[in-house]
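In: what would the 3D arrangement of this be:
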Amino acid sequence: MFENFDFSAIANNWQALIYQGLAFTVNLTLLAMVGGIILGTMLALMRLSSNKLLSGVAGGYVNLLRSLPLVLVIFWFYFLVPYIGAWVIGSPTPIKVGAFTSALVTFILFEACYYCEIMRAGIQSIPRGQINAGYAVGLNYWQVMRDIVLPQAFRNMIPVLLTQTVVLFQDVSLVYIISLPDFVTMASKVAQRDGRLIEMYLFVALVYFVICLALSQVVRRLQSRMAIIR
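Out: I've put the predicted structure just below:
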């Protein structure tokens, strides 16, 4: 299988693949991570709320999206978001939503479900005594969450949040189905153009392996150095 392996196929294309394709993948991953953590934290607070309506809505949303394949959700948002946007603003025609915007919205909404469960566990790991102490000194619910609970929860959950982000980084490769120029899509186009499928896909696998292994090592070190606050 490797007797005709051509390293020049990698040497001639790696810069474009890294600086354009991989850069696109990393950019989308970081934006989706930030949006997902923010929305996920809001969902976690809703799920922990004593208001049954808020808790039920958040729980239903999380359980619904977690039960669907991500590739299906990408398709749904890509084709339905223009019509949903038109319905929201009352436009008679579908609004123009680019593939990148559609993919970003999809990943934020989908990954928020997983970040929500991570943050919920982090919030619940904070001793109830600290929360009661906050109320005792006159803080309200949001002040207690902002100043006492969330800072500790984020610290406790950083390794797990990073682990989920590694999963997100791998999931971003699914945007090839809507022809976004991510790392996998660009490598696939080069492979088909030059007839070098083995070289390109092996290079992609190697890059993903190196990056994910490095990030996994970072997570492992954080887990060993950051003591869980109790």
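In: could you list every helix and strand in contact with the helix or strand containing residue 132?
Out: Assessed by DSSP states H and E, residue 132 sits inside helix 128-136. Other helices and strands packing on helix 128-136, by 3 or more C-beta pairs under 8 Å, 6 or more residues apart in numbering; DSSP states H and E, are helix 141-144. All C-beta spots, glycine's among them, are computed from the backbone N, C-alpha and C.
In: following the helix it packs on, which helix or strand shows up next?
Out: Assigned by DSSP H and E, the successor of helix 141-144 is helix 150-171.
In: what's near enough to touch residue 96?
Out: By C-beta atoms under 8 Å, 6 or more residues apart in numbering, the residues touching residue 96 are residue 82.
In: could you look up the SS state of it?
Out: coil (DSSP: H, G, I helix; E, B strand; the rest coil).
In: I'd like the distance between it and residue 119.
Out: For residue 96, the distance to residue 119 equals 34 Å [C-beta to C-beta, to the nearest Å].
In: cool, and residue 206?
Out: Counting by C-beta to C-beta, the gap from residue 206 to residue 119 is 33 Å.
In: of these two, who's got more company?
Out: residue 119 (27 against 11; other C-beta atoms under 10 Å).
In: for the more buried one, which non-adjacent residue is spatially closest?
Out: Among residues not flanking residue 119 along the chain, residue 44 sits closest, at 3.9 Å (C-beta to C-beta, 6 or more residues apart in numbering).
In: which helix or strand contains that neighbour?
Out: Residue-wise, residue 44 maps onto helix 23-47 under DSSP H and E.
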